[in-house]
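Asks: turn this into a model:
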Amino acid sequence: MGLQRPDAMQTPSDPTDDGLAQFLRYRPRLFGLAYRMLGQRAEAEDLVQEAWLRWQASERSAIAQPEAWLVAVTSRLAVDRLRRLHAERAHYQGFWLPEPLVQPWAEETAPSAQDLLERAGDVSTALMFVLEQLTPDERAAFLLREVFDADYAEVAQALGRSEAACRQLVHRARGHVQAGRPRFSAPPGAHAALLRRFAQAVQGGDFAQIQALFAPDAELISDGGGKVPSFGRVLQTGRRLALLYFATARRLRRDGQRQTLHLACVNGLPGLLRCIDGQLESVQTLLVEDGLVRRIYTLRNPDKLAGVTVPPQMLP
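Replies: The predicted structure is shown next:
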């Protein structure tokens with residue numbers, strides 16, 4: 001279904017309903033919080049719908065701060081939902097990457113995923129991967145404080161804990177995020193240009209050109225979910241990654257399969273979508289530093305790819 005704007009999700013509509021107007025005003029923020037908490041679009045949409053039902057059933061005239069009330073409700077729902085999901089993900093095979101938010105790449109509007117999520121902080125695959133290592137309470141406290149700029153009284157209200165406890169949660173979460181979050185960055189235009197060169201090298205089957213675009217200490221993290229083959233560990237070194245891309249392209253040509261690469265906006269950053277014989281095979285986030293690829297997150301789990309619309313333009 002592609003990337004869906006929160007204000008386009010199904011909601012009972014009556015333009016004369018002040019409560020509906022208030023809810024729609026804050027809905028992008030609520031979806032942004034829910035997606036960052038859960039890493040799954042459908043789960044986030046369902047959670048926001050549940051917040052809407054609770055808002056409908058509330059005594060709205062007694063709510064002095066509707067936004068704070070809605071954020072608190074959404075946060076509590078998200079923590080409860082994430083606790084259940086954590087139990088399921090404990091049995092997940094290999095690395096767990098979030099369902100991607102994908103849009104066609106447009107230089108003049110990039111990064112568009114930040115517009116979707118109310119321009120509140122980072123929604124990159126790299127950050128979402130690190131957030132997955134936090135407890136539900138740590139994740140919620142960190143997001144409310146660091147991304148949505150809530151004060152500690154609001155965090156405490158949302159989580160039903162003391163301000164002192166919430167400060168400790170944020171402190172621990174901040175340490176984990178700082179330790180695990182890569183600091184690779186590049187201007188969007190330069191980032192996209194490198195991905196175009198990378199796609200051209202891969203399609204051209206030139207091993208030396210592919211390797212020249214990888215940093216020596218490059219890494220790849222893949223998510224197949226037990227549904228398709230993936231690496232159960234971090235694949236390391238630029239040479240090994242270059243060999244992987246070179247060998248894959250060579251095997252596909254040998255087997256008569258057609259590989260196409262598409263530039264897209266993936267969670268706010270330039271990314272590549274790889275199709276085999278017209279079917280989406282993976283969504284790839286390539287992190288860039290100093291003109292070289294330093295890390296790749298490759299999502300191959302078909303369940304998580306089901307909602308992705310492939311942009312028509314192919315590379316190179």
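
Asks: my guess is residue 27 is in a strand, correct?
Replies: No - applying DSSP: H, G, I helix; E, B strand; the rest coil, one finds residue 27 to be helix, outside a strand.

Asks: pLDDT score for it?
Replies: In this model, residue 27 is scored at 94, pLDDT.

Asks: that one - how many residues pack around it?
Replies: 22 (other CB atoms under 10 Å). Placement of C-beta: from N, CA and C, glycine included.

Asks: now do the contacts for the residue sitting nearest the centre point of the chain.
Replies: Of all residues in the chain, the one closest to the mean position by CA atoms, centre = their mean is residue 125, 4.4 Å from it. Contacts for residue 125 were tallied using CB atoms under 8 Å, 6 or more residues apart in numbering; they are 97-98, 100, 266-267, 269, 285, 297, 299.

Asks: how about a cut-off of 7 Å?
Replies: With contact set as CB atoms under 7 Å, 6 or more residues apart in numbering, residue 125 has these partners: 97-98, 266-267, 285, 297.

Asks: does residue 252 sit in a helix or strand, and which one?
Replies: Using DSSP states H and E, residue 252 sits within helix 238-254.

Asks: show me where the stretch 201-316 of the chain has its strands.
Replies: Counting by DSSP state E, counting those that start in this stretch, the stretch 201-316 of the chain has strands at residues 214-223, 235-236, 259-266, 269-276, 279-289, 292-299.

Asks: who are the packing partners of the shortest one?
Replies: Read it as strand 235-236. For strand 235-236, the elements it packs on are strand 214-223, judged by 3 or more CB pairs under 7 Å, 6 or more residues apart in numbering; DSSP states H and E.

Asks: same question for the fourth one.
Replies: The elements that strand 269-276 packs onto, with contact taken as 3+ CB pairs under 7 Å, 6+ apart, are helix 188-204, strand 259-266, strand 279-289.

Asks: for the longest one, which positions count as buried?
Replies: Buried residues in helix 188-204, counted by 16 or more other CB atoms under 10 Å: 188, 191-203.

Asks: cool, the shortest one as well?
Replies: Taking 16+ other CB under 10 Å as the neighbour-count basis, strand 259-266 is seen to contain the buried residues 259-266.

Asks: now stretch 130-145
Replies: Neighbour counts over stretch 130-145 (16+ other CB under 10 Å) mark 130-132, 134-145 as buried.

Asks: which of those lies closest to residue 23?
Replies: residue 144 (19.1 Å; CB to CB).

Asks: quick check: chain neighbours aside, which residue is closest to that closest one?
Replies: Of all residues beyond its chain neighbours, the one nearest residue 144 is residue 150 (4.3 Å), with distances taken as CB to CB, 6 or more residues apart in numbering.

Asks: contacting residues for residue 166?
Replies: Applying CB under 7 Å, 6+ apart, the residues contacting residue 166 are 141, 152, 155-156, 159.

Asks: so which helix or strand takes in the residue nearest to it when sequence neighbours are not counted?
Replies: Leaving out its chain neighbours, the residue that sits closest to residue 166 by CB to CB, 6+ apart is residue 155, at 4.4 Å. Assigned by DSSP H and E, residue 155 belongs to helix 152-159.

Asks: before we move on, the earlier item: for the residue nearest to residue 144, helix, strand, or coil?
Replies: Looking at residue 150 with three-state DSSP, the answer is coil.

Asks: residue 208: neighbour count?
Replies: 9.

Asks: how about the one 5 residues further on?
Replies: A count of neighbours around residue 213, defined by other CB under 10 Å, yields 23.

Asks: quick one: it and residue 292 touch, right?
Replies: Yes - here residue 213 reaches residue 292: they are 6.4 Å apart, a contact under CB atoms under 7 Å.

Asks: buried set for the helix holding residue 252?
Replies: Using 16+ other CB under 10 Å as the test for burial, helix 238-254 gives 238, 241-242, 244-246, 249, 252.

Asks: among those residues, which one sits closest to residue 230?
Replies: For these, the nearest to residue 230 is residue 244 (11.9 Å; CB to CB).

Asks: tell me the buried residues in stretch 67-80?
Replies: Residues of stretch 67-80 classed as buried: 68-79 (neighbour count, 16+ other CB under 10 Å).
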